[in-house]
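S.K.: take a look and give me a structure for this.
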Amino acid sequence: MIFHVLTVFPEFVSTVFQYGVVRRAVESGLLGANVRDLRDWTEDVHRTTDDMPYGGGPGMVMLCEPIFRAVEELRQQYGGLPLIYLSPAGERFEHRVACELADGDDFILLCGRYEGVDQRVIDELVDRELSVGDYVLSGGELAAMTVIDAVARQISGVVGNEGSVVAESFATGQLDYPHYTRPEDFRGLKVPEVLLSGHHARIEAWRREQARKLTRRRRPDLLADDDPAAD
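M.R.: Now for the predicted structure:
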């Protein structure tokens, strides 16, 4: 899969491809990165990508012309790539969406700035809007990097131990169970005995129970259809 990103801060977004499992996936050819500077599609000497909003008001609005040119060029070069705009007004980005995108075709991520993009971009070019949460960021770059990392993890071969992807938080419909490693006793804080027992069935049962209890405390909405008496 190739992640295409349109942004005014390409160096910033490119860092998501330079670390950890995503970097290794790029190096092995499982993933591709095409992070592009929207200024490359401007035509004035100042490489302007924003202007004051019609009707007045605070802030600036990203111009539609560079975005139209960029998207049209990428679609001509790579085929009919869907355009995803990172926006507070978008659909909530969650595990289900990450899996859906990982199973689909390549796409373009558009990073807004300031007050957002000219509405004509949304009306004519955008296929989907995604929001990473109910808060406002300075731009879509961090949101795009979140989407890239979450989607990349769902692509076969990106994470070395694919079992960890299957068992992690949200993949199972609830939060993950607690994890421990050496030493067994740290300042009197001991690892639960069941994890040292070597009894795999008991360990699995303990992990299921702990995951359910944590989810019940922290994210009961994930267990909305569950029977509280089961705990």
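
S.K.: C-alpha only now, for contacts and for neighbours.
M.R.: Fine.

S.K.: how does this structure divide up, domain by domain?
M.R.: Per automatic domain parsing, the domain ranges recorded for the chain read 2-153, 172-230.

S.K.: report the buried residues of the top helix by length along the chain.
M.R.: What stands out as the longest helix in the chain, according to DSSP state H, is helix 200-218. Residues 203, 206, 207, 210, 211, 212, 213, 214, 215, 216 are the ones in helix 200-218 that count as buried (16 or more other C-alpha atoms under 10 Å).

S.K.: stretch 24-37 now?
M.R.: Within stretch 24-37, the residues scored as buried using 16+ other C-alpha under 10 Å are 24, 25, 26, 30, 31, 32, 33, 35, 36, 37.

S.K.: ok, and the closest non-adjacent residue to residue 26?
M.R.: Nearest residue to residue 26, sequence neighbours excluded (C-alpha to C-alpha, 6 or more residues apart in numbering): residue 32, at 5.7 Å.

S.K.: is the one you found in a bridge, and if so with what?
M.R.: When bridges are called by DSSP bridges, residue 32 pairs up with residue 2.

S.K.: residue 5 is in contact with that one, correct?
M.R.: No: here residue 32 does not reach residue 5: they are 11.1 Å apart, not a contact under C-alpha atoms under 8 Å.

S.K.: ok, so what distance separates residue 184 from residue 191?
M.R.: 5 Å (C-alpha to C-alpha, to the nearest Å).

S.K.: now residue 221
M.R.: Relative to residue 191, residue 221 is positioned 29 Å away (C-alpha to C-alpha).
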